[in-house]
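Participant: no sequence on this one, just coordinates:
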């Protein structure tokens, strides 16, 4: 029995190529084509963009993207075992799937999408859990803004997704909240149950859609903000006068001069406060 795109069901593909998800690569294969098509639709306007996919594995989401009308998908995959399965998809969709064998953490994204004047790009991915946060921080803290992508539609562990969209004062508010909401609009769209994966992870996953603003909400340096939030939330139970010691010069005095109570904790500040402090760096 074939899938609706004429290709074999993903379980058959995994069996044919003797694939198994590797824990050290953060892999969990998503096999439900109806679900991968739903994720693809959440990214919107696929036909007008180059779609970048990270960690496609045997190609569940890749097929969903192509079935939903993506004219060009560039899939970046570190695991060479799955490349033959991706090549089968490429053959079924001539000229629409480009496969790059490489490490997403070492990828030159501007080079891949073609630089200025190229078709606008969207990133749509079931990110490997072990590199998801690092990739997101890298995409959101780049020097160039507006960035090279027009949106991010990404799967994270539900706990991470809730951090991304959490408002100030919420117990989940943290570094990812600040970095995501400073320059962009972040929305949690829907959850994906563990049973949808092979093997099932121990946690629920969630789809997050992030749309960058043309300009950041507040003026500050991206690297300084990243450094500041890493320090503040790295010791989130401590008061700011302790967690930012060694990061902000004359910590207590600097906080007071910025109108911020040194006895507050990181989650009690809002994004505007963090940007004001980042400017002092």
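Facilitator: Everything's here; your move. For clarity, every value in this text was computed on a predicted model and none was experimentally measured. Numbering: from 1, shown residues only.
Participant: hmm, residue 60 is touching residue 33, no?
Facilitator: Yes. Here residue 60 reaches residue 33: they are 6.9 Å apart, a contact under Cβ atoms under 8 Å. (Each C-beta comes from the backbone N, C-alpha and C, glycine too.)
Participant: overlap of the contact sets of the two?
Facilitator: Taking Cβ atoms under 8 Å, 6 or more residues apart in numbering as the contact rule, the neighbours common to residue 60 and residue 33 are residue 10.
Participant: neighbour count: the two, which is higher?
Facilitator: With neighbours defined as other Cβ atoms under 10 Å, residue 60 and residue 33 compare such that residue 60 has more, 25 against 19.
Participant: what's near enough to touch the more buried one?
Facilitator: 10, 29-33, 36, 126.
Participant: what's the separation between the nearest residue to residue 216 once chain neighbours are set aside and residue 47?
Facilitator: Nearest residue to residue 216, sequence neighbours excluded (Cβ to Cβ, 6 or more residues apart in numbering): residue 183, at 4.6 Å. The gap separating residue 183 from residue 47 is 26 Å, by Cβ to Cβ, to the nearest Å.
Participant: more neighbours: these two, which one.
Facilitator: Shown here are residue 183 and residue 47; by other Cβ under 10 Å, residue 183 has more neighbours (25 against 10).
Participant: in contact with the more buried one, which residues?
Facilitator: 140, 145, 212-213, 216-217, 222.
Participant: center of the chain - which residue?
Facilitator: Closest residue to the average C-alpha location of the chain: residue 136 at 4.3 Å, with Cα atoms, centre = their mean.
Participant: give me the pLDDT value at residue 17.
Facilitator: Looking at residue 17, its pLDDT is 65.
Participant: and the strands in the chain?
Facilitator: 29-30, 50-54, 72-77, 97-101, 121-126, 149-157, 184-192, 197-198, 205-212 (DSSP state E).
Participant: packing partners for the second one?
Facilitator: By that I understand strand 50-54. Counting contacts by 3 or more Cβ pairs under 8 Å, 6 or more residues apart in numbering; DSSP states H and E, strand 50-54 packs against helix 60-67, strand 72-77, helix 109-113, strand 121-126.
Participant: residues near the residue nearest to residue 247 when sequence neighbours are not counted, how many?
Facilitator: Residue nearest to residue 247 in three dimensions, not counting chain neighbours: residue 231, with 4.2 Å by Cβ to Cβ, 6+ apart. By other Cβ under 10 Å, the residues close to residue 231 number 18.
Participant: now do the contacts for residue 231.
Facilitator: Residue 231 neighbours (Cβ under 8 Å, 6+ apart): 243-244, 246-247.
Participant: also residue 157?
Facilitator: Contacts of residue 157 by Cβ under 8 Å, 6+ apart are 129, 132, 201, 203-206.
Participant: output the below-cut-off pLDDT ranges for the stretch 51-200 of the chain.
Facilitator: For the stretch 51-200 of the chain, the stretches with pLDDT under 70 are 115-117.
Participant: list the buried residues in the longest helix along the chain.
Facilitator: Counting by DSSP state H, the longest helix found in the chain is helix 222-234. For helix 222-234, a neighbour-count test (16 or more other Cβ atoms under 10 Å) marks 222, 224-226, 228-229, 231-233 as buried.
Participant: what pLDDT, on average, does it get?
Facilitator: 94.
Participant: sorry, back to before: next, format the helices and strands packed on strand 50-54 as TSV and append distance to residue 153.
Facilitator: Formatted as TSV, the helices and strands packed on strand 50-54 follow (distance: least, Cβ to Cβ, whole Å):
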stretch	distance to residue 153
helix 60-67	10
strand 72-77	13
helix 109-113	16
strand 121-126	5
